[in-house]
Structure formats: C-alpha cells, structure tokens
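Novice: could you work out the structure for the sequence below:
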Amino acid sequence: MGAARQNVSFAGPSGRTVHGYLAVPPAGVGPGVLVIQEWWGLTRHIAELTDRLAAEGFLALAPDLYGGTVTHDRDAAARMKRELPPERAAEELTAAVSYLLAHPGAVGDAIGVTGFCMGGGLALQLAAREGDRVAAVVPFYGLPGDPDYDYRGLTAHVLGHFGEQDASLPAAVVDEAAIRIGEATDRRPEIHFYPAGHAFMNDEKTPSSYDPLQAAIAWRRTLTFLWAHLG
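Specialist: Numbering: from 1, shown residues only. Predicted structure coming up:
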C-alpha cells in the first residue's frame, strides 16, 4: 500500500471531506476536466495525467475515491474497488464536479470527464447523472459494470479508447455499449480501438501492456476532442 497524491479538499456528501489532486494550467484559468482513477487509486500515473492536462491548458482535478490509499497489488485493488460503495463514489464525484465548476480558475459552465479502467465506467455514469454539467466524456478501456446500464440523461459528447487485445472488454461489448448510448441519447459515440491490450496508457503498473505509440495517439485525440467541446 502507498499514499495518494493529494493537495486539495472539498465538501462531500453528509459533511464528509473529499480529497484530490488539482493541477492548474499555466494561465491560471481553463476549462475544467475531471480525471477518475483506476482501481489502483490516485497513483503517480493518474496525478501525472492530471498534470499533463493542466500543461495543455485545462484545470484538472483527480478526486481520491479511496481516501488516501493506493496499491500496486491486484488482489488489494480488487478488494478496494469491491469495498467502494457505489453511492458514495457517485456522491463524491458529483461533489468534485461542483468543486471544479465553482473554482475561480474554471472557464465555462460545463466540464470534461475522463477515466481509466474502473474510472472509465464511472466517467460515463457521472456524465449520465450530471447532464449538461458534463460536456465531454472520455473513457479509456472502461465501461459501467452493468451491460444494461441506462444512459438516458447523458448529453455529453463521447470519445472512447479501447484495446483490441483487451480480454476484459471484447470489442462486441464495447460496440453494444456504443449502440445503447446512441439509442438512449442523441449522441453518437466516437470509439477507437488500438492494437494494444488493457491499460495501454499506464506506464506505471503494467509496463507489459503500456504502448507508448498507441498512448500518444489516444492522448492527442483526447486533447483535440476536449478542446473541441470545452474550448
């Protein structure tokens, strides 16, 4: 176990304090983007992605859903994810949206959301709950656990990144989710499959899956997409 990267706190549900990692763009102001963690927690990898978004001009926040703990052990990560109450995660992410929108450096009345693995599914669910407060959502190799998830309420533009060699998320499952989003909303998701495995963006925990070329392509597409819908 390790400690999460934290530098801000804000009010969460039932008076509970939520912590997170905030990165401010060089100009001090920019569109807000929420970065949702993998099941490992708010790791160096997630904090560095948050920093990279800020360097590109976004006000980026990674909320800490595990309350300060990170792990690089698969069994521990599975347990931590299992023990995270879905209702609490939803409430804390909603509080994070409110925090970002109220931040003096925030530009605009809607934010972008991106998430990785577990965070990808949470990002889509958050966008469906928050409606017009989320203008763009970018899941990386993650979908809601319920294959019949109801995406009504989602008004955000959707860009998805998935690995062709990801056994945990076969292309047919991703395609079905995209169809469900299209049927439930007026959005047609932009989905990209990469010749890579699961977590191909993660250069920290899974070097065997990390693919620097595909990661760079996905990242460039993400930046272009976020600026198109938040700029």
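Novice: list the contacts for residue 164?
Specialist: 171, 193-196 (Cβ atoms under 8 Å, 6 or more residues apart in numbering). Every C-beta, even on glycine, is put in place using the N, C-alpha and C of the backbone.
Novice: show me the shaky parts of this structure.
Specialist: Along the chain, the model assigns pLDDT under 70 to residues 1, 205-207.
Novice: returning to that earlier point: what about the contacts of residue 164, which are in strands?
Specialist: Taking DSSP state E, the ones among these that sit in strands are 193-194.
Novice: contacts for the helix or strand harbouring residue 119, please.
Specialist: Residue 119 belongs to helix 118-130 when assigned by DSSP states H and E. Defining contact as Cβ under 8 Å, 6+ apart, one finds that helix 118-130 is touched by 34-39, 81, 89-90, 93-94, 97, 113-115, 134, 137-145, 149-156, 158, 160, 181.
Novice: rerun at 7 Å
Specialist: 36-39, 81, 89-90, 93-94, 97, 113-115, 134, 137, 139-145, 151, 153-154, 156 (Cβ atoms under 7 Å, 6 or more residues apart in numbering).
Novice: now a ChimeraX select for only the buried ones of the residues you listed.
Specialist: Per 16 or more other Cβ atoms under 10 Å, the buried members of those correspond to this ChimeraX selection:
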select :36,37,38,39,81,89,93,94,97,113,114,115,134,137,139,140,141,142,143,144,151,154,156
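Novice: can you point out the buried residues in the helix holding residue 119?
Specialist: Buried-residue list, helix 118-130, by 16+ other Cβ under 10 Å: 118-128, 130.
Novice: before we move on, what SS does residue 88 have?
Specialist: Secondary structure state of residue 88, per DSSP: H, G, I helix; E, B strand; the rest coil, is helix.
Novice: what about it, distance to residue 95?
Specialist: Noted for residue 88: a distance of 10 Å to residue 95, by Cβ to Cβ, to the nearest Å.
Novice: of these two, which one has the most company?
Specialist: residue 95 (19 against 15; other Cβ atoms under 10 Å).
Novice: and residue 67, that's in a helix?
Specialist: No. Going by three-state DSSP, the assignment for residue 67 is coil, not a helix.
Novice: how far away is it from residue 214?
Specialist: In terms of Cβ to Cβ, residue 67 sits 32 Å off from residue 214.
Novice: quick one: which of the two has more around it?
Specialist: residue 214 (20 against 16).
Novice: so which strand or helix has the more buried one?
Specialist: helix 212-230.
Novice: name the helices or strands packed onto that helix?
Specialist: With contacts taken as 3 or more Cβ pairs under 7 Å, 6 or more residues apart in numbering; DSSP states H and E, helix 212-230 sits against strand 106-116, strand 134-140, strand 157-163, strand 190-194.
Novice: the same query, at a cut-off of 10 Å, please.
Specialist: In terms of contacts (3 or more Cβ pairs under 10 Å, 6 or more residues apart in numbering; DSSP states H and E), helix 212-230 is packed against strand 30-36, helix 44-55, strand 106-116, strand 134-140, strand 157-163, strand 190-194.
Novice: pairing partners for the last one, with directions?
Specialist: The one in question is strand 190-194. strand 157-163 (parallel) (DSSP bridges).
Novice: any idea of the angle the strand it pairs with forms with strand 134-140?
Specialist: 10 degrees (axes from the mean of the first three to the mean of the last three Cα atoms, to 10 degrees).
Novice: strand 157-163: how far from the chain's middle?
Specialist: 11 Å (Cα atoms, centre = their mean, to the nearest Å).
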